[in-house]
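In: Build me a model:
(one chain, ligands or ions: 3)
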Amino acid sequence: MTDLLTMVDRSKLPKHIAIIMDGNGRWARERGEDRVYGHYEGVVSVREIVDACGELGIDYLTLYAFSAENWNRPKAEVDALMELLVNTIRKEVDDLKKNNVRLHVIGDFASLPEVCQKEMTEAMEITSMNTGLNLVLALSYSARQEILFATRKIAEMAQSGTLKPEDINEDLFQRCLNTAGFPDPELMIRTSGENRISNFLLYQLAYAELYFTPVHWPAFRKQNLYEALLDYQRRERRFGKTSEQIQTDFTPHA
Ligand code: IPE
Ligand code: IPE
Ligand code: MG
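Out: Ligands and ions are numbered 1, 2, ... in the order given. Predicted coordinates:
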């Protein structure tokens with residue numbers, strides 16, 4: 001098998017990759033195992049992909065690990081996922097620090113179990129001086145809630161007189177989102193064959209290239225990521241312009 005990495009153009013990499021890690025349950029069921037087994041194995045893929053992004057020099061990797069809607073799953077599965085999260089962070093934090101990875105969390109942080117909040121806060125502090133890959137975990141995340149909270153914040157500023165309605169622009173709005181200061185993802189990957197966004201980064205994905213693969217998350221490996229990157233690099237990102245305009249434009253693949 002050719003190593004797809006050799007075909008990836010290092011000068012045309014996205015700065016930010018966002019991934020909907022889907023299919024853990026189906027992957028486990030196909031093997032006659034409990035869904036939770038799929039979540040455990042999904043952690044192996046997370047490690048691989050974090051590693052690959054670090055090696056490639058990607059700036060931001062956002063992983064959708066738990067949606068606000070996922071609270072509606074059976075309690076036993078939710079509990080197992082929260083426990084897995086705590087144990088994984090506890091186990092991985094030293095390696096994250098060593099590998100120059102900085103951890104961030106987006107989503108409704110206060111809704112997470114206390115032990116989980118504590119573990120995540122500590123890991124964010126421990127890795128806060130790192131300057132390599134920014135690993136953003138979306139936990140109890142809902143893009144609609146994020147947009148609503150930003151709107152509320154802006155309304156409060158307007159009401160208190162610290163902001164004039166005509167000063168509300170994209171830049172201000174972005175700064176009120178959970179992802180304040182992060183570049184928008186240029187590439188969004190969803191595993192497991194589902195062609196939907198499921199309330200993930202609705203504002204930030206406005207111009208992202210979407211890549212859907214039938215591979216279940218626990219089977220997703222570095223070569224699958226390189227495949228997605230090669231697909232991304234074959235696309236022409238026009239941002240509303242014509243193809244002719246893009247081809248005479250000398251700006252790099254942005
Ligand atoms: C993704 O896998 C992980 C989470 C949503 C937490 P799923 O658990 O959704 O797996 P499927 O989609 O049921 O196979
Ligand atoms: C989206 O996957 C959320 C995460 C991957 C964490 P789901 O499996 O929950 O999404 P739906 O329900 O199929 O849309
Ligand atoms: Mg799913």
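In: Pull up the residues of the protein that are close to ligand 2.
Out: Contact residues, the chain versus ligand 2 (Cβ under 6 Å from any ligand atom): 20, 21, 22, 64, 65, 66, 67, 70, 194, 196, 198. Any C-beta I mention is one placed from the backbone N, CA and C, and that applies to glycine too.
In: If we use 5 Å, what do you get?
Out: 20, 22, 64, 67, 198 (Cβ under 5 Å from any ligand atom).
In: Can I have the buried ones of these as a PyMOL selection?
Out: In PyMOL, this line selects whichever of these come out buried by 16 or more other Cβ atoms under 10 Å:
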select buried, resi 20+22+64+67
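In: Is it possible to get CSV of the residues of the chain next to ligand 2 that adds secondary structure, distance to ligand 1 and pLDDT?
Out: Formatted as CSV, the residues of the chain next to ligand 2 follow (DSSP: H, G, I helix; E, B strand; the rest coil; distance: Cβ to the nearest ligand atom, whole Å; pLDDT from 0 to 100):
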residue, secondary structure, distance to ligand 1, pLDDT
20, strand, 8, 99
22, coil, 5, 98
64, strand, 8, 99
67, strand, 7, 98
198, coil, 9, 98
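In: was I right about residue 63 contacting residue 134?
Out: No: Residue 63 is not in contact with residue 134 according to Cβ atoms under 8 Å; the separation is 11.4 Å.
In: where exactly do the strands run in the stretch 101-250 of the chain?
Out: Assignment of strands within the stretch 101-250 of the chain using DSSP state E, counting those that start in this stretch yields the ranges 102-106, 134-141, 187-190, 209-212.
In: could those strands go into CSV alongside mean neighbour count and mean pLDDT?
Out: Below are these laid out as CSV (neighbours: other Cβ atoms under 10 Å; pLDDT from 0 to 100):
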stretch, mean neighbour count, mean pLDDT
strand 102-106, 21, 98
strand 134-141, 25, 98
strand 187-190, 25, 99
strand 209-212, 16, 98
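In: among the ones you listed, which is nearest residue 5?
Out: Closest to residue 5 of these, according to Cβ to Cβ: strand 187-190, at 16.1 Å.
In: Which other helices and strands does the closest one contact?
Out: strand 16-20, strand 209-212, helix 222-234 (3 or more Cβ pairs under 8 Å, 6 or more residues apart in numbering; DSSP states H and E).
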